[in-house]
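Q: From the sequence below, what's the structure:
(chains A, B, C and D, ligands or ions: 4)
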Amino acid sequence: MTERTISIREAITEGLAEAIETDENVFIMGEDIGEYGGAYSVTKGFLEKYGDKRIKDTPISEAAFVGAGIGAATVGLRPIVELMSMSFSLVAFDQIVNMAANIRYMSGGQVKVPMVIRAPTGAGVQLGATHSQSFETWLAEVPGMYCACPSNPHDALGLLRTAIKSDNPVIFAEHSHLYGSQGEVPNDYYEIPFGEANVVQEGNDLTLVSYGYGVHIMQDAAAQLAACGIDAEIIDLRSLSPIDYATIVGSVQKTGRAIMLDTARRTGGIMSEVVAEVQERAMDWLDGPVKRIGAKDVPWPYNRGLEQDILPDADEVVDAARKIIAF
Amino acid sequence: MTERTISIREAITEGLAEAIETDENVFIMGEDIGEYGGAYSVTKGFLEKYGDKRIKDTPISEAAFVGAGIGAATVGLRPIVELMSMSFSLVAFDQIVNMAANIRYMSGGQVKVPMVIRAPTGAGVQLGATHSQSFETWLAEVPGMYCACPSNPHDALGLLRTAIKSDNPVIFAEHSHLYGSQGEVPNDYYEIPFGEANVVQEGNDLTLVSYGYGVHIMQDAAAQLAACGIDAEIIDLRSLSPIDYATIVGSVQKTGRAIMLDTARRTGGIMSEVVAEVQERAMDWLDGPVKRIGAKDVPWPYNRGLEQDILPDADEVVDAARKIIAF
Amino acid sequence: MELSEKPRIATAGIVRSAAPRPSSNTAASNGYDPDRTAAFSDGIDSAELLRMYQQMLLIRRFEETCGQHYSLGNVRGFLHLYIGQEATGVGAISALEPRDYIVTHYRDHGHAIARGLDTNRIMAEMFGKRTGLSKGKGGSMHIFDAAKGFMGGHAIVGAQLPLAAGIALAQQYQESDAVTMVFFGDGATNQGTFHETLNLASVWQLPIIFFMENNLYGMGSAVGRVRLRGADFSDALGAYDMKTVSVDGMDVLAVREATQQAVDEIRAHGSPIFIEAKTFRFVGHSFADPGDQYRQRSEVDLWRQRDPLVTYPKTLLDTGAADQALLDGISAKVDATIEAAVEFATSSPNPDLSEASDDVYA
Amino acid sequence: MELSEKPRIATAGIVRSAAPRPSSNTAASNGYDPDRTAAFSDGIDSAELLRMYQQMLLIRRFEETCGQHYSLGNVRGFLHLYIGQEATGVGAISALEPRDYIVTHYRDHGHAIARGLDTNRIMAEMFGKRTGLSKGKGGSMHIFDAAKGFMGGHAIVGAQLPLAAGIALAQQYQESDAVTMVFFGDGATNQGTFHETLNLASVWQLPIIFFMENNLYGMGSAVGRVRLRGADFSDALGAYDMKTVSVDGMDVLAVREATQQAVDEIRAHGSPIFIEAKTFRFVGHSFADPGDQYRQRSEVDLWRQRDPLVTYPKTLLDTGAADQALLDGISAKVDATIEAAVEFATSSPNPDLSEASDDVYA
Ligand SMILES: Cc1ncc(C[n+]2csc(CCOP(=O)(O)OP(=O)(O)O)c2C)c(N)n1
Ligand SMILES: Cc1ncc(C[n+]2csc(CCOP(=O)(O)OP(=O)(O)O)c2C)c(N)n1
Ligand SMILES: [Mg+2]
Ligand SMILES: [Mg+2]
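A: Ligands and ions are numbered 1, 2, ... in the order given. You can find the predicted model right below:
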């Protein structure tokens, strides 16, 4: 089928427009998504095109408008809420973790919350300690919600469609480095279900697991490893909740070795879950410990050199590979 | 040295009173800690005894009074903030995670935040989905803060003294089941540093790791295992940040087998960190996978039978032990 | 004779009512207007007057019974009783239509009963049984009946406010004239969500009633200790440009009328309205709290003299709207309903352990 | 001659000032009082009048220079410029003593310079250098100088308010008469922390000035789109029983006077005071924002005509408080200071990679 090349930003913009145009119950709300066009221009032109019933600028009141999204969702609407940054989810954490995720269970299944919370995430652009965090790794651990983290335009559109159609709250984490990242997207309609990891590259020597921006780091690392004759398999989780353990374990059973990467802080990253689970399910096939890589466990600094040093990179992955495979 | 038997509640009350009496910069604030005497009666009589300068009842404004604690701490006071429940930390999460933990770093070390946030935690008393959570497992993952979780009166008093003397923010998680739990406490002054796990019981066959209420479950399990001739070592982490990996790894090198228990939800519990780290540091000594046990990954139900079924117990630990040691 | 009596009920009802408090932004925004009132309560037929009595009594007995079964260990967790506040919930909710929505906090049994939820299934929820409205998963603090527009029962103070705004937003979005009523206490007004939600409802002109049950205490905190203004601040919410009404929460007819006016106005114009009812809980904050450390016995006694379950039936008798036999009949019916509810809850099965993992995802 | 001129400065200063706005709770709570004023600004010697000009100019040039170095890639991350608001920060902070505290948000360079922080070290922080006030770890949004009572620089909207209340609480606790001044914008008033903190400060009667810089836009959101009342709501904060003052934020003398009155009052009585200054940012929200999508060029031009860096020096000249040569001298000094700051920042070393792990724990 025919494809076209677009950026992740364009893929998300397209997915949002499609939802607005095809489902009258879908509306978008968030800070400066209308007149301003969105902090990352994802909804540029939407207000003019779709009007202020469907595109709602909100006050700087994350707790209130995330909670309002939950309420609207319980009575039949399908809100898409944009947070200007995943870091700002903290001021709405009670509404997300205690309300969005629990209300269905507390009501004995009487209500559902078909809501998507979209937010740019990740460090690396010198925004400092409070603006560079990746709380999707915590939110993915909360039962009652899903969490998706696309690494390319194809997945971004396919996962966003699934998110918007889901009858459950979905955290949709968009790494800010990747908005401009280009890739091919099919012209025909498709969806990408949650819980199905993508084997980006097959290999027999080593399993590299990541998601979002981390997949690009793994690809660089795999290229370096290939140069050293190491044949790495790359797995893109695509969704942090649910996690496709079958694919990871299957790969580890083949390779016997694994490196798992968060671009979030190592401690508190989702890979602690994945590593703990994989060693429990696949220990007998492991030739050595699963290596876990993430950002250093310090707050995010402003200085570029420090921030880059804290962030994990391909070299770290390659060094880790060296430690578990002599080459 | 002489000892006396007191409850964890008495130990904490004593530690708080001692701090108020010995350091004029220490004050306590929180909801209904004064006139009401505290939701769990930990500060009963304090308002009458110490007055409303030292014992401050607050409005139901967790974000504001936690933030006020941070501010007061940056200019020389040593606030002890009580949250009525760890579950309510969510409404103050931005102040705790983005402010308390980051402000020292963001200021290049110009300020420090000697503040303790105390809160009852844990499930098991049928409070339902929003009131039974254990967010200390997330907060322990944040750099810039410490986190302590006492399992007995001796540790409660020793860790609380360390917490109050710390120049860094400390999350002090008190499992609500344990307030009445009795134990011996030395009459002479002592402190228990963070990052030093307690080997509750030595053993050679199996390492059992937990903290707080989980230690009591491990003790029950160890008793059952002993009856089957299994000699278990029990490690009480005492602090979730920092974590004493040396003691855990040392024990695993001896026993070759480990079971790690959260009374919080398994996914998102601190044991995912511990398991991931220990398999990486001690894989060569492991005879099998590290088993991770925690509460089921669903919201907390009200019904007693369901809640008890979700909570981990000694039988689960024994079953897990059976899987890794044939007996 | 009955006819000639009726107005007296209204008057009786209203005279004790809304000692008209000033309101911030609007001239005639208190619940009091003698003419409309007389007219209005002429409009309440005695059947309705008696139905309200029955509901208040049903709530009172239900709460007393929950207390007994808490002591017996059949009801667990946190139990917050509505005893003393019956006139507020019954009066307010009696002004709503089935298409309207209600969102409330953990002190929710009274609102649930006033909304006409099945007492058997509420009690079964209290007992944690599978037949409970939330299948035993929610408990006392999380009563839901979505089919009746009763959207919980929320246990984090102030957290229900944004949710309610979202439900009201959906009504506006769907061009329905349904009103959303959200209940909260005086203590909840100190949460950030209170401010954020009032502003959101104001700037978006949402069809919502913010119903503050000012029972003068948030747990052990007298409102004067957590707000400089003390108990009276609903007339100072000018920043939100929201019509504000103050009414006597111990007077079911006054509450009903004030609420009816607000509902009519919102259906017509859609703007949010803030109603404050001063009321009092006769018992402790939760069943754990004796409720006597932080308030004087004399204060409780004073309010008990205004017990709607004493004053209202007396009015019914004085005005001839009912005779003792009628009231006794109602009382007997209520007792039977409670007995049936306890029987239903007791005999219902606990949820199957397998059900713990249901209702997590849709 | 000079003597006879001085009052005119004051008048000139004040006539443009505080088109007296009504205040919520207190009779004479706006910054305007001709007599006190004349007297007061007689009290400002011309050296101080010129110092304020120098500070405003220094801020303007500093911000322009940051913009240039952002384009050059020497300054990164988010950069929020204070251009247009200089009179507010300089006037407000000129009324403080060294023992007082300042807490602000991410748009913080102006406040830092007005507080007298070392421009070399501020610029070095902008460049992320080790010699920066925060050792290059904080950046533009997190300027701190604890030794000068400058407690940040906070990037989460509204998050600085509780922190400031805590610092004020500490002053009260330690029986100091120091005042804490916290700056925030119109958009921040929609955060829950705004409400919670105002209530806390009110019920605890904390010695704090809530200084709202109402520049009419929160990022791209005109205040009228996020608040029903629009730009004018500081006179409607009655719920907090807090004295509220409204002042012309483009008039440095009016701001100084209003703030001085508030500071004196707080030192004497300790209660919190809310000051609103209407002002305007001439540039975009951050350096990324051209600032023209969501507001009319005409509106910007209108405000630019009130540019304090045009109006204030003109007043100084008209009133003879300064002549052109004097102003040129100041301008030259400012340029030299900026040049030195850039030189210092440029030549300073980056932090050592090992320093990434410092300053996490005390
Ligand atoms: C965020 C949060 N903080 C604290 C609590 C504990 N709590 C439950 S009810 C309550 C008092 C609320 O008082 P009010 O709003 O006046 O309602 P009332 O109980 O008087 O009906 C408190 C402090 C909570 N549930 N949530
Ligand atoms: C909680 C939170 N939400 C959103 C943002 C993004 N943001 C930064 S500044 C700003 C606008 C604030 O406007 P205002 O308070 O008026 O201050 P101004 O920028 O006009 O000085 C927004 C939305 C943030 N930093 N924090
Ligand atoms: Mg109350
Ligand atoms: Mg602004």
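Q: give the contact list for the closest residue to C:Ser140 other than its chain neighbours.
A: Nearest residue to C:Ser140, sequence neighbours excluded (C-beta to C-beta, 6 or more residues apart in numbering or on different chains): C:Leu79, at 5.2 Å. All C-beta spots, glycine's among them, are computed from the backbone N, C-alpha and C. Contacts for C:Leu79 (C-beta atoms under 8 Å, 6 or more residues apart in numbering or on different chains) come out as C:66-67, C:70, C:126, C:140, C:286-287.
Q: In three-state terms, label C:Leu79 for me.
A: Under DSSP: H, G, I helix; E, B strand; the rest coil, the three-state class of C:Leu79 is coil.
Q: and if you look at C:Asp328?
A: Per three-state DSSP, the secondary structure class of C:Asp328 is helix.
Q: Can I take it that C:Ala312 is in a helix?
A: Careful, residue C:312 is Tyr and not Ala. Yes - under three-state DSSP, C:Tyr312 falls within a helix.
Q: Distance from the chain centre to the one helix or strand C:Ile113 maps to, please.
A: Assigned by DSSP states H and E, C:Ile113 belongs to helix C:109-114. Distance, stretch centre to chain centre, for helix C:109-114: 7 Å (C-alpha atoms, centre = their mean, to the nearest Å).
Q: and the following helix or strand past that helix, C-alpha only, in CSV?
A: Later in the chain than helix C:109-114, the nearest helix or strand by DSSP H and E is helix C:119-126. Written as CSV, here are the backbone C-alpha positions of helix C:119-126 (Å, rounded to 0.1, in the frame of the first residue of the first chain):
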residue,chain,number,x,y,z
THR,C,119,-31.6,1.4,49.8
ASN,C,120,-31.1,-2.4,49.5
ARG,C,121,-28.2,-1.9,47.2
ILE,C,122,-26.7,1.0,49.2
MET,C,123,-26.8,-1.1,52.3
ALA,C,124,-25.3,-4.0,50.4
GLU,C,125,-22.5,-1.7,49.3
MET,C,126,-22.0,-0.7,53.0
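Q: Next one: whichever residue of chain A sits closest to ligand 1 relative to D:Thr319, how far apart?
A: Among the residues of chain A, A:Asp94 lies closest to ligand 1, at 7.3 Å counting by C-beta to the nearest ligand atom. A:Asp94 sits 56 Å away from D:Thr319, going by C-beta to C-beta, to the nearest Å.
Q: and the two? which has more neighbours close in?
A: Legend: neighbour count by other C-beta atoms under 10 Å in any protein chain shown for A:Asp94 and D:Thr319, higher for A:Asp94 (30 against 21).
Q: distance of that one from B:Ser85?
A: Using C-beta to C-beta, one gets 12 Å for the distance from A:Asp94 to B:Ser85.
Q: Enumerate every residue touching C:Tyr294.
A: Contacts for C:Tyr294 (C-beta under 8 Å, 6+ apart) come out as B:35-36, C:217, C:220-222.
Q: can you list the residues of chain A near chain D?
A: Those residues of chain A that sit near chain D, judged by C-beta under 8 Å from any C-beta of the partner chain, are A:31-32, A:35-37, A:39, A:57-61, A:63-64, A:87-88, A:90-91, A:125-131, A:296, A:298-299, A:301-306, A:309-310.
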